[in-house]
Every structure is written in C-alpha cells, then in structure tokens.
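Enquirer: Build the 3D model from these lines:
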Amino acid sequence: MSSAENLVKLAQIEQALNKRWPENKIEPTLDRILALTDALGSPQFSYPTIHLAGTNGKTTTSRMIDQLLAELGYRVGRYTSPHLESFTERISIKGEPISPENMFTTYNDIALYLDLIDSRQLHPISYFEALTAMAFVAFAEFPVDIAVIEAGMGGQWDATNVVSSQVSVMTPIGFDHMEYLGNTLEEIATTKAGIFKPESNVVLSAQTPEVAKVLLAKAAKVSANVFREGVEYSVKKRSLAVGGQLISLHGIHSDIDDIYLPLYGVHQANNAAVALAAVEAFAQVKLDDELVKNAFSKVKSPGRCEIVYKDPLVIIDAAHNPHGVAAIAQTIDNEFDFEMVIAVVAVLADKDADGILARLANSVDYLVITQNNSPRALPVDQLAKIATNYFKPEQIEVISDLAGALTFAIEKATLANQVSDGVTAVLVTGSVATAGSARTIIGKLGASS
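Expert: Below is the predicted model:
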C-alpha cells in the first residue's frame, strides 16, 4: 500500500473515531471500557504496566521511562495523549508511532466489538475509550514486554484505569478539568489517586502539602510502597548546558552524577528524577550509571520547550494551563538570554485563559493572539479581551489565522534581530492543538528539527 493510500485509510479511521463522544468529555464510569476490554479478552493484562497520572509532565515523563526501559533491553509500548500532529503518535512501540499497517490491523480487530458494546450501553464508546482499547490490543498483538500508560483525564474514572499496574506515577497536580475533577486540589488529587493499585509501587513527584496528604492517605489505604520526591529520591543538582542541562540524581537505589539531559527547564530535571525512580521501582535493582546516562541523552519531548526554527529562534511549548505556562515562562526567563520575546498564543475555550496570560505577562514583551483549528478553540476576540488585563494595547496583535500569526511573529522577530545586537525569539504556546499545528506549519517553512 502506498504512502498516499495509507494516509487516506488513516484519515478514514480517524474520522470514524472523531464521530464518537469527544475525549474532553467524560462520564464517571469504567463500565464501557471494562465491557469492551472483557469482550476483547482483557489484552491489558498481557504485559506489566507503569501507569501515570497528574496535571503536567506526564507525556515527557512517559517518554523518559520508555527510554530507560528500552536501554534495559525491554520492548516498550507507550500510550500517551493528546497527540501533536497525528493520532498514531499516541500508540508507540519501540519508541516509534505505530505503523499505518499495524494501526489498520488493530482498528479492524476492535471495530466489531465497538459496535457490539455501543449496542449494549446507554452511551456509545468514546473516542478516548476506543483509542485506549486499541493501544491495549496493539501492545498484545505486536507484543511488548512492558507498557507505559498515561491517563487521559483524572485517574479513577479514566479509561486507562483498567490496567493492573506494578508502578503508579503521580506527576505534579494543579488545577485543570475542574468541571470533572473538582474545584479544590484535594478533590482533584482524590480522583487522580484512583490509579493506585493494592500492594503496588507508587512514585510521587513533589506536591503541595494538601495534595501530598491526600495521595499518601490513598497509598496507605491500598498498602502501596511509596517513593517520594525529596525524600526517597531527588534532583541533587543541575546546571545549564548547551542544548539542555547537566543533572545529578539521587535515585531509590543509587546516586548518578553528570547526566546530560537535552531538555530545558528545572521541571524537566524533576521529570527525570521521577522517571528514574519509576524504573527503579519496577526493576527493583540499581541501574547501571552509564545505561542511565545513555538513556537520558537520547530523550526527546516534541512540543515541550522545543526549538523548531533557528533564525529567528522559535520555541514551541504545549503548555495549556497556568501551571504548565508558569514552567515554560520560568525556563524562558532563567535559561535563555532574550532581549525580547514575542508570544503566539491560542487556547481552548474550556481552559483557564486568564491564568495562562497572567503567567506570561512578566516574561513576554509582545503578544500575538490567534486561534487554533480545534472545534474547542477560544475565539480570538475573547482571548484578546482577556489579554488587555495583562498587556498594553501596543503590545497586542490579533491575527485569527494561526499560520498568519506565526508568519507575522517570525517576520517581526527577524526585523528586530536585524536592527539590534540582542536576540528576539518567538514562543508558541497555549494548547497542545496550537503546538501541533504550529509544528506542522513551521515544518513547511524549512524548520530545523
């Protein structure tokens, strides 16, 4: 089958999935996914699992865990969401998105079961439930030794929570999806802690005191072994390096110094510590120092403080809530020496746009308000109105078309760099949809990867 034929067939599958209940809506039940996986023979029990939940950092931490396990010799399946450019990215085998041919096979394997469960349930199988089941089936059919599974939203009622994980990982918890998860951090933490399994291992990133209290209580209730950042493991030190940073980690079983991590930001160092602890908890042995260094040196995290263009410098970050935007703003402030930062921002209507723009205000000099192609996109006029609370009128440009907004920002930065000795850069952020579309658009401009 030709590449063109593959793209057509993949588009047909994605179109069929998109007709289902959207993934940003959930119903607090596992009934449908359990019925579907039972009908499929419970493929998620065919391999051990490391399960991740939290508000930010899940996808990058999943990628780090994947790379460490691969370096140990495991054939790894990784399921993450949402995707940047293609829905095949969500199902990864041996570090690569599932092939079109294997995606076709997997979808055909479950299609009739989707119809069967649809006919028996009050609500049909959702987009996210269908893709989750496809990941479970793919990891069984094209067999993996271990699966790294990222929760989509929350934890207790998330479709991924039908796995029987050996290790549960909780990344930092903040405010997001409050309409489903609760209006307090304690409520959100309670829902997310639903992934903790009896007598398993639980790896906790650094949390606020009120969140830590909830998570520790849940872990104790299910008799889990707990490993806490800052207690059982930690980042010992970090320093800036060309293209990333140099870190030293205190792990569960060992201390490892001088690890090169080709990612920016203190939050990425913390993610690395969490990933190492998760793999140590799974393997229950000390990992070889060189193996760990080799693994981290290969880590990539597309759309997370990713430099996609170099003249002028364009950075894409998929931050989509205030906590995530605060992290990229801190990274821009502390790890780059820019004279001016032009931010291209588009957010989704169900996100905290006010909080996002507030976190950017002290780190961004000029704002280009735009809109991504998601049906959930916040209209530019509404986002522009919010922006006036944090930016002066002369600091704001409104361009509804994302490609046009990117072109304007890049041209403005290029002009600034021609007349100044300082460096002007472009930051693209606000949502995963914005990051993914921007990657595609800039890629066509001949961007460097």
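
Enquirer: what about the helices in the stretch 301-449 of the chain?
Expert: Taking DSSP state H, counting those that start in this stretch, the helices of the stretch 301-449 of the chain run over residues 322-335, 353-360, 380-387, 402-419, 432-443.

Enquirer: looking at those helices, which is closest to A346?
Expert: Proximity to A346, assessed across the helices of the stretch 301-449 of the chain by Cβ to Cβ, is greatest for helix 432-443 (4.4 Å). Using the backbone N, CA and C atoms, a C-beta is placed for each residue, glycine as well.

Enquirer: wait, E199 sits on V226?
Expert: No: between E199 and V226 there is no contact under Cβ atoms under 8 Å: 11.9 Å.

Enquirer: pLDDT-wise, which helix or strand of this structure ranks last?
Expert: Ranked by mean pLDDT, DSSP states H and E, the helix or strand of the chain with the weakest confidence is helix 178-181, at a mean of 58.

Enquirer: contact partners of whichever helix or strand comes after that helix?
Expert: The C-terminal neighbour of helix 178-181 among helices and strands, as given by DSSP states H and E, is helix 185-192. Residues external to helix 185-192 that are found in contact with it (Cβ atoms under 8 Å, 6 or more residues apart in numbering): 53-55, 151, 154-157, 170, 173-176, 178, 181-182, 207-208, 210-211, 213-215, 218.

Enquirer: Same check on stretch 123-138?
Expert: By Cβ under 8 Å, 6+ apart, stretch 123-138 touches 17-18, 20-23, 25-27, 32-33, 36-37, 40, 43-44, 77, 79, 81, 87, 90-91, 93, 98, 102-103, 106-107, 109-110, 113-114, 117-118, 147, 149, 152-153, 159-160.

Enquirer: that older thread, higher neighbour count, E199 and V226?
Expert: V226 (18 against 9; other Cβ atoms under 10 Å).

Enquirer: Tell me the predicted confidence for the more buried one.
Expert: We have a pLDDT of 98 for V226.

Enquirer: Pull out the CA atoms of the helix or strand that contains A272 and give them to me as PDB.
Expert: Taking DSSP H and E as the criterion, the element that holds A272 is helix 266-283. The C-alpha atoms that make up helix 266-283 are tabulated as PDB, following Å, rounded to 0.1, in the frame of the first residue of the first chain:
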ATOM      1  CA  VAL A 266      14.000  22.700  36.100                       C
ATOM      2  CA  HIS A 267      10.700  20.900  35.700                       C
ATOM      3  CA  GLN A 268      12.400  18.600  33.200                       C
ATOM      4  CA  ALA A 269      15.100  17.700  35.700                       C
ATOM      5  CA  ASN A 270      12.300  16.800  38.100                       C
ATOM      6  CA  ASN A 271      10.600  14.700  35.500                       C
ATOM      7  CA  ALA A 272      13.900  12.900  35.000                       C
ATOM      8  CA  ALA A 273      14.100  12.100  38.700                       C
ATOM      9  CA  VAL A 274      10.500  10.800  38.700                       C
ATOM     10  CA  ALA A 275      11.200   8.600  35.600                       C
ATOM     11  CA  LEU A 276      14.400   7.100  37.200                       C
ATOM     12  CA  ALA A 277      12.500   6.300  40.400                       C
ATOM     13  CA  ALA A 278       9.700   4.700  38.500                       C
ATOM     14  CA  VAL A 279      12.000   2.400  36.600                       C
ATOM     15  CA  GLU A 280      14.000   1.600  39.700                       C
ATOM     16  CA  ALA A 281      10.700   0.800  41.500                       C
ATOM     17  CA  PHE A 282       9.800  -1.500  38.600                       C
ATOM     18  CA  ALA A 283      13.100  -3.200  38.200                       C
END
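
Enquirer: Also compute the angle for it relative to helix 322-335, please.
Expert: With axes from the mean of the first three to the mean of the last three Cα atoms, to 10 degrees defining the directions, helix 266-283 sits at 110 degrees from helix 322-335.

Enquirer: shaky segments in this structure?
Expert: 1-2, 23-26, 176-182, 446-449 (pLDDT under 70).

Enquirer: So it: which segments form each domain?
Expert: 3-297, 306-443 (automatic domain parsing).

Enquirer: Show me the residue at the heart of this protein, geometrically.
Expert: In the chain, the residue lying closest to the centroid (Cα atoms, centre = their mean) is T59, at 3.3 Å.

Enquirer: and that residue, how far is that from K351?
Expert: According to Cβ to Cβ, to the nearest Å, T59 and K351 sit 17 Å apart.

Enquirer: Kindly report the same for P379.
Expert: 13 Å.

Enquirer: got the contact list for N372?
Expert: Contacts of N372 (Cβ under 8 Å, 6+ apart): 346, 348, 402, 430-431, 433-434, 437.

Enquirer: how does it look with 7 Å?
Expert: 346, 402, 431, 433-434, 437 (Cβ atoms under 7 Å, 6 or more residues apart in numbering).

Enquirer: For L240, grab the count of nearby residues.
Expert: Other residues near L240 come to 12 when the count uses other Cβ under 10 Å.

Enquirer: sorry, that was for E210
Expert: E210, neighbours per other Cβ under 10 Å, totals 12.

Enquirer: so how far is L402 from the closest residue to S400 other than its chain neighbours?
Expert: Closest residue to S400 apart from its sequence neighbours, by Cβ to Cβ, 6 or more residues apart in numbering: V380 at 4.7 Å. Applying Cβ to Cβ, the value for V380 to L402 is 10 Å.

Enquirer: With R238 instead?
Expert: R238 sits 34 Å away from L402, going by Cβ to Cβ.

Enquirer: How about I195?
Expert: With Cβ to Cβ as the criterion, I195 and L402 are 35 Å apart.

Enquirer: which of those two has more neighbours?
Expert: Higher neighbour count among I195 and L402: I195, with 26 against 23, using other Cβ under 10 Å.

Enquirer: The more buried one contacts G155, doesn't it?
Expert: Yes: contact criterion Cβ atoms under 7 Å: I195 and G155 qualify, at 4.3 Å.

Enquirer: all strands for the stretch 151-300 of the chain, in order.
Expert: For the stretch 151-300 of the chain, the strands defined by DSSP state E, counting those that start in this stretch cover 167-170, 201-204, 225-228, 234-241, 244-250, 255-261.

Enquirer: Which of those sits closest to V423?
Expert: Per Cβ to Cβ, nearest to V423 of these: strand 234-241, 15.8 Å.

Enquirer: Which secondary structure elements does the closest one sit against?
Expert: strand 244-250, helix 266-283 (3 or more Cβ pairs under 7 Å, 6 or more residues apart in numbering; DSSP states H and E).

Enquirer: and if we set it to 8 Å?
Expert: When contacts are defined as 3 or more Cβ pairs under 8 Å, 6 or more residues apart in numbering; DSSP states H and E, strand 234-241 packs onto strand 244-250, strand 255-261, helix 266-283.

Enquirer: Many thanks, have a good one.
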